[in-house]
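Asks: What shape does this take:
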Amino acid sequence: MFLAMKCEKDTTNCHHNLWLNNQAEKDVYAVVNFNYPDTSIPLQNPMAHQRAFVEAGQRKPIYHQSGCLENAIQDYTRNYEPKDTLIIFVFDAAEVQANWDQVRLQYKVLKRFDYSIHELKNTNFSIDFP
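Replies: This is a model prediction of the structure:
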């Protein structure tokens with residue numbers, strides 16, 4: 001079993017995680033979307049993804065890729081959209097837990113980030129909120 005596990009370390013050109021540094025005083029959910037420039041909120045409730053929840057004052061990976069995240073973004077954009085940009089939506093955790101449908105309908109986004117691969121590399125794949 002231990003032989004099947006491998007340690008994935010980030011390098012200059014290959015990152016496996018996208019991190020959110022939640023400097024706010026409230027818990028949040030962060031959702032990564034590859035559909036740039038479509039700014040529609042994804043249908044699925046972020047509570048379904050444990051990785052999406054980031055407590056106040058915590059830094060957590062909000063997205064993990066077994067291969068290089070840079071390659072995944074480029075592959076997606078090569079096949080679907082001619083952009084190398086991710087959208088990251090940040091939502092108030094209390095509002096998501098109370099009524100996700102209303103959050104979507106009323107576009108209750110605390111913050112939306114649009115990052116290109118180049119910009120993500122400049123931040124070392126770590127995003128500060130707020």
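
Asks: now Leu69: how far from Ile117?
Replies: 9 Å (CB to CB, to the nearest Å). Quick note: C-beta positions are derived from backbone N, CA and C, even for glycine.

Asks: So for the two, which sits in the more crowded spot?
Replies: Neighbour count, other CB atoms under 10 Å: between Leu69 and Ile117, Leu69 has more, with 22 against 18.

Asks: what about the longest strand in the chain?
Replies: strand 85-92 (DSSP state E).

Asks: Which other helices and strands does the next helix or strand after it contact?
Replies: Using DSSP states H and E, the helix or strand that follows strand 85-92 in sequence is helix 93-98. On a contact count with 3 or more CB pairs under 8 Å, 6 or more residues apart in numbering; DSSP states H and E, helix 93-98 meets strand 28-33, helix 100-105.

Asks: Parallel or antiparallel, list what pairs with the helix or strand just after the first one.
Replies: It refers to strand 28-33. Toward the C-terminus, strand 28-33 is succeeded by strand 53-54 as the next helix or strand (DSSP H and E). According to DSSP bridges, strand 53-54 forms sheet pairs with strand 28-33 (antiparallel).

Asks: tell me the angle of the strand it pairs with relative to strand 85-92?
Replies: 160 degrees (axes from the mean of the first three to the mean of the last three CA atoms, to 10 degrees).

Asks: got the contact list for strand 28-33?
Replies: Residues outside strand 28-33 that contact it (CB atoms under 8 Å, 6 or more residues apart in numbering) are 18, 20, 22, 41-42, 46-47, 49, 52-54, 56, 62-63, 86-93, 96, 110, 129.

Asks: Report the buried residues of that strand.
Replies: Under the neighbour-count criterion of 16 or more other CB atoms under 10 Å, strand 28-33 has Val28, Tyr29, Ala30, Val31, Val32, Asn33 buried.

Asks: Next one: the fourth one from Thr11, what distance?
Replies: When distance is defined by CB to CB, Val31 is 26 Å away from Thr11.

Asks: which residue sits closest to Asn45 in space, ignoring its chain neighbours?
Replies: Closest residue in space to Asn45, ignoring its immediate chain neighbours: Trp100 at 4.3 Å, by CB to CB, 6 or more residues apart in numbering.
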